[in-house]
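Visitor: take a look and give me a structure for this.
(2 chains)
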Protein chains: 2
Amino acid sequence: MKLGILGTGMIVKDLLTTINKLKIESISILGTEQTKKETTILAKQYHLDHCYYDYDEMLRSEIDTVYVALPNHLHFSFAKKALLKGKHVIMEKPITSNVKELEELKEIAQENDLIILEAVNIHYLPAFKKLKEDIKRIGNIKIMNFNYSQYSSRYDAFKQGTILPAFDYHKSGGALMDINVYNVNAIISLFGQPVSIGYMANIENQIDTSGILMYDYGSFKGISIGAKDCKAPIISTIQGDKGVIKIDKPVNQMTGYQIIFNDGTEEIYRVDDCEHRLYYEFIEFIRIIDNNDYDFAKKMLELSLIVAKVMNEARNQEKIVFTNDN
Amino acid sequence: MKLGILGTGMIVKDLLTTINKLKIESISILGTEQTKKETTILAKQYHLDHCYYDYDEMLRSEIDTVYVALPNHLHFSFAKKALLKGKHVIMEKPITSNVKELEELKEIAQENDLIILEAVNIHYLPAFKKLKEDIKRIGNIKIMNFNYSQYSSRYDAFKQGTILPAFDYHKSGGALMDINVYNVNAIISLFGQPVSIGYMANIENQIDTSGILMYDYGSFKGISIGAKDCKAPIISTIQGDKGVIKIDKPVNQMTGYQIIFNDGTEEIYRVDDCEHRLYYEFIEFIRIIDNNDYDFAKKMLELSLIVAKVMNEARNQEKIVFTNDN
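Guide: Numbers count the residues shown, from 1 in each chain, chains lettered A, B, ... in the order given. Reported below is the predicted structural model:
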């Protein structure tokens, strides 16, 4: 893989700490005039091959894959441009602002035999993969309760009138897109598309600063909480009639879980010597793209589509409209 | 207070362990022919004054207050009879099977200057009273997440076809009435009547074996889980924009809580040397009835009415109909 990274934000800095462990042929990074100094420092620190400040120039280079790590509302246009230039795309979560954008990208990719992957690391975490096997051990699922509430310093700024991207409806922000998206991904990966969903959100300045997403799976029910305006001990439970699985970290950072059976016996599963949480997804992304594993990529994109549909429906219910929706 | 206890079930046995610490002038107990042996043993063990096996005979005695601790569907008829004979009533939770029954009892009590009290111990627990003061310290409430999931051995029987009262729609059972009722009481006591509610339940044999109740309070949202078909670590959180309150026991057994502020500082509040969890409510019931504190009793009955309305609406949404509703 010859990778072009778009952006220099937090997630890029996170990825770079593990990138030299990955077998990537060449790595380029796209900065802006404003982030030029930061971009060159990052490139030097992590031995990146090229810095670009012009996207078209980057797209004319030898890169075969673009990793879109820009603010949410820019995902679509930058990905579309890359696809039209024959590049595969890895897109940060949430993949696009809405379903319409994702369907358009999917069509372009299909027509051009290109791959679109959403960088939701959960699906590739060893602990989550093991959880998917273990879940049958707790019997029939009855209740799910996922809570990812993390007070954001950006909410302090928000209350004082400074609207940063995570709280900006012009930039496809909000608690659902920014934090609950992890719970949604975990739940949809475990159980597929729900029969119906509901969303109850705390809305300020036309954006959800926190909210509770409700899932009706027919034979069982669940909720996931995503909050950026308040915090909580981050505990998620999957409750079956034979026992309960307890995850005591945010799902995107999970390194294990506990199963407590009805008879009181307990099992703890922990992954020792964990790599960086973003390592596992990129190992797979490289494999998929280097081997043109279209089948697997398609399966993952279908999952992204269900997630996008759930989040779109949730926003519709609470009348949260992004500028990108129009 | 001259008390007549109706029933010899678990809650009565629980209460009896602390009853001799309470200043009650005389205590009678009503058993049935089937429970005669058990009733006499209990009476002897706890030095009760009289055993009755005929309700009318008990009502003709000197007792001034009846404590209705019978299966849910019998609350109304036994309470009504007591009121019509001029007795005050203390009723186990849930106070009646539906709002209609409660409104009828309320009317009879008012006409006859009698007191109706619902035995929901939460409202009288020292830790809960302190929580009500401390709640303002966590800023604006954003999210509530109450979970009271306790696997019931009666669910084992239920799955095998034996329907015990807690799972019987003829006997006004179900997870909402039996276990989530504690969460509902705590939440309504803290925040009053919600703007709207929703209920998502797992229904088997026309009864909810578990369910998620959703509360919209306008400026904040919450859920409470009550489950008898699965268990979970019992943790409830009240999340504000300055900090979170964490209760790590079922609300009806709470002896303290933890406040974690956004800056990371923590405070733990614990009641040392707790009395039995039912002691505190009965101390108050005795005071209210011995002093004819109609104002306080009225306030508590209004709370019971809001709880009953919420639970009735929840059942309506999920089409859970009790025999008592018809």
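Visitor: residues making contact with the longest helix seen in chain A?
Guide: Counting by DSSP state H, the longest helix found in chain A is helix A:294-317. Around helix A:294-317, the neighbours that count as contacts under C-beta atoms under 8 Å, 6 or more residues apart in numbering or on different chains are A:94-96, A:98-99, A:102-103, A:106, A:113, A:115-118, A:120, A:123, A:176-177, A:181, A:184-185, A:188-189, A:192-194, A:197-199, A:201, A:211, A:213, A:288, A:321-322. Quick note: C-beta positions are derived from backbone N, CA and C, even for glycine.
Visitor: swap in 6 Å and give it another go.
Guide: Applying C-beta atoms under 6 Å, 6 or more residues apart in numbering or on different chains, the external contacts of helix A:294-317 come out as A:95, A:98-99, A:102, A:115-116, A:118, A:176, A:184-185, A:188, A:193, A:197, A:199, A:213, A:288.
Visitor: next, the contact list for residue A:26, please.
Guide: A:2, A:49.
Visitor: what's across from it in the sheet?
Guide: Beta-bridge partners for residue A:26, by DSSP bridges, are residue A:2.
Visitor: where does chain A dip in pLDDT?
Guide: For chain A, no stretch is flagged by pLDDT under 70.
Visitor: residues in it within reach of chain B, list them.
Guide: Neighbours of chain B within chain A, by C-beta under 6 Å from any C-beta of the partner chain: A:142-143, A:145, A:147, A:149, A:151, A:200, A:202, A:210, A:212, A:216, A:221, A:223, A:225, A:227, A:229-233, A:237, A:239-241, A:244, A:246, A:262.
Visitor: compute the number of surrounding residues for residue A:44.
Guide: 10 (other C-beta atoms under 10 Å in any protein chain shown).
Visitor: next helix or strand past the host helix or strand of it?
Guide: Assigned by DSSP states H and E, residue A:44 falls within helix A:36-45. Sequence order places strand A:50-52 as the next helix or strand after helix A:36-45, per DSSP H and E.
Visitor: any idea how far that following strand is from the middle of the chain?
Guide: Put simply, strand A:50-52 sits 25 Å off its chain's centre (C-alpha atoms, centre = their mean, to the nearest Å).
Visitor: domain ranges for chain A?
Guide: Annotated domains of chain A cover A:1-119, A:121-276+A:306-323 [the TED database].
Visitor: which residues does stretch A:62-72 contact?
Guide: A:1-7, A:11-12, A:28, A:75, A:78-79, A:82, A:87-92, A:165, A:171-172, A:289.
Visitor: in helices, which of those residues appear?
Guide: Judged by DSSP H, helices contain the following of those: A:11-12, A:75, A:78-79, A:82, A:289.
Visitor: and those, which is closest to residue B:21?
Guide: residue A:11 (60.2 Å; C-beta to C-beta).
Visitor: for the closest one, grab the count of nearby residues.
Guide: For residue A:11, the neighbour count with other C-beta under 10 Å is 16.
Visitor: so what's it closest to, chain neighbours aside?
Guide: With C-beta to C-beta, 6 or more residues apart in numbering or on different chains as the criterion, residue A:11 has its nearest non-adjacent residue at 5.2 Å, and that residue is residue A:69.
Visitor: next one: residue A:35
Guide: Computed as C-beta to C-beta, 6+ apart, the closest residue to residue A:35 that is not its neighbour in sequence is residue A:8, at 5.0 Å.
Visitor: looking at it, the one you found is touching residue A:38, isn't it?
Guide: Yes. If you go by C-beta atoms under 6 Å, residue A:8 and residue A:38 touch, sitting 5.4 Å apart.
Visitor: neighbour count winner among the two?
Guide: Set residue A:8 next to residue A:38 and count neighbours by other C-beta under 10 Å: residue A:8 wins out with 23 against 13.
Visitor: check contacts around that one.
Guide: A:31, A:35, A:38-39.
Visitor: next one: residue A:49
Guide: With C-beta under 6 Å, 6+ apart, residue A:49 has these contacts: A:26-28.
Visitor: what's the closest of those to residue B:56?
Guide: Nearest to residue B:56 among these, with distances taken as C-beta to C-beta, is residue A:27, at 88.3 Å.
Visitor: just to check, the closest one is in contact with residue A:3?
Guide: Yes. Residue A:27 lies in contact with residue A:3 (C-beta under 6 Å); the separation is 5.1 Å.
Visitor: who has more neighbours out of the two?
Guide: Neighbours were counted for residue A:27 and for residue A:3 using other C-beta under 10 Å; residue A:3 has more, 26 against 22.
Visitor: how about the strands in the stretch 51-200 of chain A?
Guide: A:65-68, A:88-92, A:116-119, A:141-149, A:196-204 (DSSP state E, counting those that start in this stretch).
Visitor: okay, these in CSV with mean neighbour count next?
Guide: Formatted as CSV, the strands of the stretch 51-200 of chain A follow (neighbours: other C-beta atoms under 10 Å in any protein chain shown):
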stretch, mean neighbour count
strand A:65-68, 26
strand A:88-92, 25
strand A:116-119, 23
strand A:141-149, 26
strand A:196-204, 20
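Visitor: possible to save those as CSV with distance to residue B:127?
Guide: Shown next, in CSV, are these (distance: least, C-beta to C-beta, whole Å):
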stretch, distance to residue B:127
strand A:65-68, 50
strand A:88-92, 44
strand A:116-119, 45
strand A:141-149, 23
strand A:196-204, 28
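Visitor: dump the residue contacts of the residue of the stretch 1-150 of chain A found nearest chain B.
Guide: Closest approach between the stretch 1-150 of chain A and chain B, counting by C-beta to the nearest C-beta: residue A:142, at 4.1 Å. Shown in contact with residue A:142 (C-beta under 6 Å, 6+ apart): A:220, A:239, A:241, B:202, B:210, B:229-230.
Visitor: let's see that with 7 Å instead.
Guide: A:220, A:239-241, B:202, B:210, B:227, B:229-230 (C-beta atoms under 7 Å, 6 or more residues apart in numbering or on different chains).
Visitor: list just the nearest of the ones in helices among the contacts of stretch A:62-72 to residue B:274.
Guide: Taking C-beta to C-beta as the measure, residue A:11 is the one of the ones in helices among the contacts of stretch A:62-72 closest to residue B:274, at 48.2 Å.
Visitor: so that closest one sits against residue A:93, correct?
Guide: No. Counting by C-beta atoms under 7 Å, residue A:11 does not reach residue A:93; the two are 9.1 Å apart.
Visitor: what's the neighbour count on residue A:62?
Guide: When neighbours are counted by other C-beta under 10 Å, residue A:62 registers 11.
Visitor: no no, residue A:107
Guide: 11.
Visitor: now do the one 3 residues further on
Guide: Around residue A:110 there are 14 other residues, counting by other C-beta under 10 Å.
Visitor: so what's it up against?
Guide: Counting by C-beta under 7 Å, 6+ apart, residue A:110 has no contacts.
Visitor: gap between it and residue B:240?
Guide: Residue A:110 sits 47 Å away from residue B:240, taking C-beta to C-beta, to the nearest Å as the criterion.
Visitor: show me the contacts for residue A:231.
Guide: Counting by C-beta under 7 Å, 6+ apart, residue A:231 makes contact with A:149-151, B:239, B:244, B:262.
Visitor: so where does it fall, helix or strand?
Guide: For residue A:231, there is no helix or strand it lies in under DSSP H and E.
Visitor: once you drop chain neighbours, what's closest to it?
Guide: Distances taken as C-beta to C-beta, 6+ apart put residue A:151 closest to residue A:231, at 4.2 Å, once the chain neighbours are dropped.
Visitor: so residue A:319 belongs to a strand, correct?
Guide: No. Counting by DSSP: H, G, I helix; E, B strand; the rest coil, residue A:319 is not part of a strand but coil.
Visitor: ramachandran coordinates for it?
Guide: With angles defined as degrees, to the nearest 10, residue A:319 sits at phi 50, psi 40.
Visitor: quick one: residue A:167 and residue A:153 touch, right?
Guide: No. Contact criterion C-beta under 7 Å: residue A:167 and residue A:153 do not qualify, at 11.3 Å.
Visitor: what count of nearby residues applies to the nearest residue to residue A:113 once chain neighbours are set aside?
Guide: If the residues on either side of it in the chain are set aside, residue A:113 comes closest to residue A:294, at 7.6 Å by C-beta to C-beta, 6+ apart. Residue A:294: 15 surrounding residues under other C-beta under 10 Å.
Visitor: thanks again, I'm all set now.
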